[in-house]
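[1] Okay, structure incoming, though there's no sequence with it:
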C-alpha cells in the first residue's frame, strides 16, 4: 500500500509518545547494563545505550537475529537488501555513518570481540540482553574497532537453586512481501510493439496483428503461449519449522545453561525431473532448502572461595541447497524470459520407430538469455553448502578482596573458527530457440553446438578461517559512604586468519586492544567517568599502528537532590554529557602503507630479473581514522512514564580517501596507483527521542508502550574534490552533501506533464546524451546555456541533487504490549524516512532489459493518446533501447521511506489445571507474524522499499504458530 503523508504519521506517533503514557527507555528496564568488557549500574550511565531482552526478541518468528532486532533498539538501523532465506544480506548502522569507510559494528559476545561470528544465527532463546553502545564515551575503550558502534550480546547463564527445562516448537509459513505482476502475452506483445513505435517504428513490428489476435484469444497455448515462468518455477509460500530445547540448573558451586535449536527452511523453487533422459543421472537440487543446527553451553563454576571459572561453547552448522551455482541467479532468471516464449522445454515425444525412447525435453531460451532459469535450476547440477562455526571461551576470575575489597582479576581465552565446504556438481545442457514462425512449433539449437548435454561431474571445495583472542582485565568496585568508585583496565591480543588466501591475505591480521575505564559517583547525584583505549593493528606502518582514544563523560541525577525530595510526581531527572574519540582501522587493501609490486606483466626490472607491475604506491603515513564525538542527553520520568532525548555529533578529520585532487599533475603518477591519504573530513549529527510507559491499568490489565524517533544526517566536508567548471549548476557532487547523495536531471513540469508531447517540442532542446523522442522527459536547464539557434542545452552541467541517500535519515518505532489475565497482545511498528534509491537501470523499472521486461509501472506509460486525453501517466514512453528518459533523474530517484507492521503476536498462557496435567510450570501458545504489512512511496507495487530491484529476493512475511512448555 502507498502512503503520501509520512511526515504527518511521524508527527502523530511523536505526539502520542509525548502526551500519552508511552515507552520505557531501555536502560531503565535493566538495572545492570552489560557494556561488553564490564557491567555498569544503569543509574551511573553517562553515555547513550539501548537495551532489549531476549524475552522481547523471542516474540518475533524471524530466523535471522538481525531481522529480529530491527525496530527494537533506538539508534540501530538495519537494511535488508536481499531477503533470500538463510542467506539474507543485512547491513547494520549505529547512528548513521561517520566515515565513508564504514564497517559493520563491532560485536562483543559474552565479553569477547567476535570478528568471525555471524550473529544472525544466534537465537533469542540463548540471549539474556542485547545492548547497543552508541556514543564515544562508551566506544572509546574499544579503540580502533569502536567507530561504527558496538553491539553487545550477553547470553543466558545458569542460576543457583533454579532447575528449569524449556521446549518449544514453531511452524511457520513464509511469503514474499512483494510479488511481481504477471504481464500476459497479449499485453506483453502490445507493450513491445508500443516501444517499437516509440523508437521510430522502422522495419517490421515485433508482433503482427495475427500474432496479437492469437495471444488475445488464448485458445492455442502451443503456438501462442502465455507462460508465467515465475509461478511455474517458484512457489507462493514455503514452510519453516523450528524446535528448541534449553535447560538451566545450578547450586552454589556450579551453574549451567544449555540450548539446542534445529531449524528447517523449505525451498521455494519448484524443481522438475521429468525431462531427464534414460542413462542420465537424475537429481533434485532442492534449491533454497536449508537447515540450521545451533547449540550453546555455558558453564560457570566455583573452584575456590577466591577463584571462579567459566567455559562457554557455542556453534552452529548450516546446510544450504543450491541449484546450479547460485540461487540468486536462478531467482533473477525467472524474470528474463518473456511470457510469449514456448517453454520451459521442448515438447516430449516418443519415437514410433523406437518405442519407449523419449525425445525432446531440451531447455528453451531466447537469443538474449544464455542461462535460462529452468536450465540453471534443473540441468546445471547442484551445490550442497555446509558451514560450521564454533566459538569456545574459557576464563578464570580471581577475587583479590584480600588485597582490596572489590578487586578482581580475570583472564580469558577465546577461539573462533569458521569452515565452509561445498559438494559441487555441474553439467552443461543444450539450449534451443523457437523459430520465428508462429504458425508452427519448431526449434533451432542455440550456440552453434557450443552447449551440449554433458554428464554430471562432481567436485568439492572448502575455505577456513579462525581467530584467537587472549587477555585479561583488572576490575575494581567499592563504595565508601557517599562515594562510589569503580574501574577497569584490560588488554587483549587478537590473531585472525581470514578466509581469503590470495595475495597479501595469506598473512594474518594482528590487533592489540587495551584500555581503562574509571567511574566516580558522589551521593548517587554526580557521576564522572573517564575512558581511554590504546589499540593497534599491523595494517599500518610501525610508527602509526597504535592510537589513543580518550573520552570523558558526566551525569547529574537531579531527581536524587535533596531539594527534589518533595517532588513526588518526578521519578527521574538526569542530565548526561560526554565527549571523546574513537577510531576505525579500515584501510582497504592489506599493508597499504607500503608499495605493492606484482610479479608479471609490466616491465622487466633487470636487478630483480622479473617482469614487474606496480599495483599501487604505499603511504607510510597512513593511520587509523579518528572520530571525535559529543553527546548531550536528558532522561526523565513522571510516574510510570519516561522519556529520553539525546543530541549527538561526530567529526572525522583524518578520513582515509583516495583522490586525484590531492596529487599535483606534474608528478606524472597514473591515477590508478595513487596512494590513499588521511585527509578527508566528514561530520555526522542527529537526535534521538525515546518515550514510554509501563504499569498496571487495573488488577487484570497491565500494559507497556514504547516509541522512539531517530534523525541522523552526515555531511562530507572535505575529500579534495576538484570543483567542476563555473558553468555547472552544482560544481561539487561530494563535498557539502551526505555520503551517497544521488544526482540527476530534474524533470521540468512547468509547461505540462513533464514529457515532450509532440515532435515539435523535442526540437526546442539539445540533449548531449541522445535525441529525445515524444514521450521522453523534459529536463530543466539549470545553468541556462543555449545553442546558437536558441535551443536549451541539457548536459551533465544541469545535474542536481535528487532525493536522499539510500541510508534513511529518519527511523522510528512504536510498540505496545497488553496483558489481560492469561492473554497477551503485542505489536511492533517500524518505519523510515528521508531515503531514496535510483532505479533507472533496475529490473522491474528498466523496460528494455532482455528485449522487454514489463511490470505494473509500465502499463500506463506515455502514449500520444494518453497525453492528449489527460489520462494518468506512470512512465515515460516505452523503449527497447536506452532512451534519454533513462538517465539519472528525479523520477527514477524514488522515495524508499516506509512503515511496516514489523511484528504482531497473540499469546495465551494455559491455566493451572492444564499445567498440573502436564507437570509443567508454564505452557504458552502463540500466533505471531513478521513483516505483516508495509506502506511505502514507491511508484511500483512489485518491489519492496528495502530491495534494489524486482529480480532480487524480496523481504519475507512470516506467519507462525508455536508452543512453548517450561518444566
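    Received the coordinates, thanks. The shown structure was predicted, so the numbers you read here are calculated from the model rather than taken from an experiment.
[2] Point out where the stretch 851-967 of the chain drops to low pLDDT.
    Of all residues in the stretch 851-967 of the chain, none has pLDDT under 70.
[3] Would you state the strands of it in chain order?
    In order along the chain, the stretch 851-967 of the chain carries the following strands (DSSP state E, counting those that start in this stretch): 893-895, 898-909, 922-936, 956-966.
[4] Show me what the longest one is packed up against.
    Packed against strand 922-936, as judged by 3 or more C-beta pairs under 8 Å, 6 or more residues apart in numbering; DSSP states H and E, are the following elements: strand 898-909, helix 912-918, strand 956-966. Every C-beta, even on glycine, is put in place using the N, C-alpha and C of the backbone.
[5] State the paired neighbours of the longest one in the sheet, together with their directions.
    Using DSSP bridges, the neighbouring strands of strand 898-909 in the sheet come out as strand 823-833 (antiparallel), strand 922-936 (antiparallel).
[6] can you redo those as a markdown table with mean neighbour count and distance to residue 112?
    Output for those, formatted as a markdown table (neighbours: other C-beta atoms under 10 Å; distance: least, C-beta to C-beta, whole Å):
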| stretch | mean neighbour count | distance to residue 112 |
| --- | --- | --- |
| strand 823-833 | 20 | 30 |
| strand 922-936 | 19 | 30 |
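[7] just to revisit the earlier point, need the helices and strands packed on strand 922-936 in a markdown table with mean neighbour count and distance to residue 766, can you?
    Converted to a markdown table, the helices and strands packed on strand 922-936 look like this (neighbours: other C-beta under 10 Å; distance: least, C-beta to C-beta, whole Å):
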| stretch | mean neighbour count | distance to residue 766 |
| --- | --- | --- |
| strand 898-909 | 20 | 39 |
| helix 912-918 | 11 | 80 |
| strand 956-966 | 19 | 48 |
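[8] Show me the one of those that comes nearest residue 227.
    Of all the helices and strands packed on strand 922-936, strand 956-966 sits nearest to residue 227, with 25.5 Å by C-beta to C-beta.
[9] helices or strands next to that closest one in the packing?
    strand 164-176, strand 922-936.
[10] what does that strand rub up against?
    Under the contact criterion C-beta atoms under 8 Å, 6 or more residues apart in numbering, strand 956-966 has outside partners 61-62, 83, 85, 164-177, 240, 918, 920-932.
[11] one step back: what's the closest of the strands paired with strand 898-909 to residue 537?
    strand 823-833 (34.0 Å).
[12] residues of stretch 256-267 that come out buried?
    Buried positions in stretch 256-267, judged by neighbour count with 16 or more other C-beta atoms under 10 Å: 256-261, 263, 265-267.
[13] my bad, stretch 79-97
    Quick answer for stretch 79-97 (16+ other C-beta under 10 Å): 79-88, 90, 92-97.
[14] Kindly report the same for stretch 397-408.
    Those would be 397-399, 407-408, for stretch 397-408 by 16+ other C-beta under 10 Å.
[15] What's the mean pLDDT across stretch 105-116?
    Mean per-residue pLDDT for stretch 105-116: 89.
[16] First-to-last residue distance for that stretch?
    End-to-end distance for stretch 105-116: 12 Å, by C-alpha to C-alpha, to the nearest Å.
[17] contacts for that stretch?
    The contact list for stretch 105-116 (C-beta under 8 Å, 6+ apart) reads 36-37, 92, 94, 117, 119, 132, 139, 142, 145-146, 148-155, 298, 312, 389, 391, 393, 412, 414, 416-418, 465-467, 469, 492, 494, 496, 513.
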